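# The amino acid sequence is not available; the structure is as follows:
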């Protein structure tokens, strides 16, 4: 069977507690995804640290319910990447064979649930230290959230 990769892109919400004269400031502020590009390396390091907790090389695919989707999705890993000058979230799935439309929709919903309640909830509760203070990265933003499959080279994520 053929091995494929399927990727889903989504916006991030990033909150910072800036470094003040006497330590971290008490007030938070949201930074843009353009500003967040400066923290890509620190965020990737935090994700790598978090991903070490997976019990095997399947990542989040390990927690899929039994069935054809669990059989076809051999791995699922969250990350961040720069797209069009903005930092975006990405879920990369290693697929064996081809997913049906229903399976693709099911996988998309699974990614949403992981971003909102599972993996993403854990990430947004852990501070990431940067030279400018601490940031908190949320893979979920219920106000303007969406997730889109990356179907081809040059995919443009539009808000």
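In hand now; what should we look at? This structure is a prediction, so every number in the text was calculated from the model and none was measured.
# for this structure, where's the lowest mean pLDDT among helices and strands?
Lowest on mean pLDDT, DSSP states H and E among the helices and strands of the chain sits strand 23-24, with a mean of 60.
# list the helices and strands the very next helix or strand once past that strand packs on?
Next helix or strand after strand 23-24 toward the C-terminus (DSSP states H and E): strand 29-31. The helices and strands touching strand 29-31, judged by 3 or more CB pairs under 8 Å, 6 or more residues apart in numbering; DSSP states H and E, are strand 13-20. Yep, even glycine has a C-beta here, placed from its N, CA and C like the rest.
# How far off centre is the strand it packs on?
When distances are taken as CA atoms, centre = their mean, to the nearest Å, strand 13-20 is centred 19 Å away from the chain's centroid.
# Show me what residue 93 is bridged to.
When bridges are called by DSSP bridges, residue 93 pairs up with residue 6, residue 76.
# dump the residue contacts of it.
The neighbours of residue 93, taking CB atoms under 8 Å, 6 or more residues apart in numbering as the test, are 5, 6, 7, 8, 61, 73, 75, 76, 107.
# would you turn the residues you listed into TSV with distance to residue 86 and pLDDT?
Output for these, formatted as TSV (distance: CB to CB, whole Å; pLDDT from 0 to 100):
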residue	distance to residue 86	pLDDT
5	22	91
6	21	93
7	16	95
8	16	94
61	27	95
73	27	96
75	26	96
76	23	97
107	24	96
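# Among these, which one sits closest to residue 83?
When those are compared for distance to residue 83 (CB to CB), residue 7 wins out at 10.8 Å.
# How many residues are close by the closest residue to that closest one other than its chain neighbours?
Using CB to CB, 6 or more residues apart in numbering and skipping the chain neighbours, the partner closest in space to residue 7 is residue 150 (4.2 Å). Residues lying near residue 150 (other CB atoms under 10 Å) number 19.
# How about residues contacting the helix or strand hosting residue 104?
Assigned by DSSP H and E, residue 104 belongs to helix 101-116. The contact list for helix 101-116, computed with CB under 8 Å, 6+ apart, reads 6, 8, 10, 60, 64, 68-69, 72-73, 76, 78, 89, 91, 93, 99, 120, 139-140, 142, 145, 147, 149.
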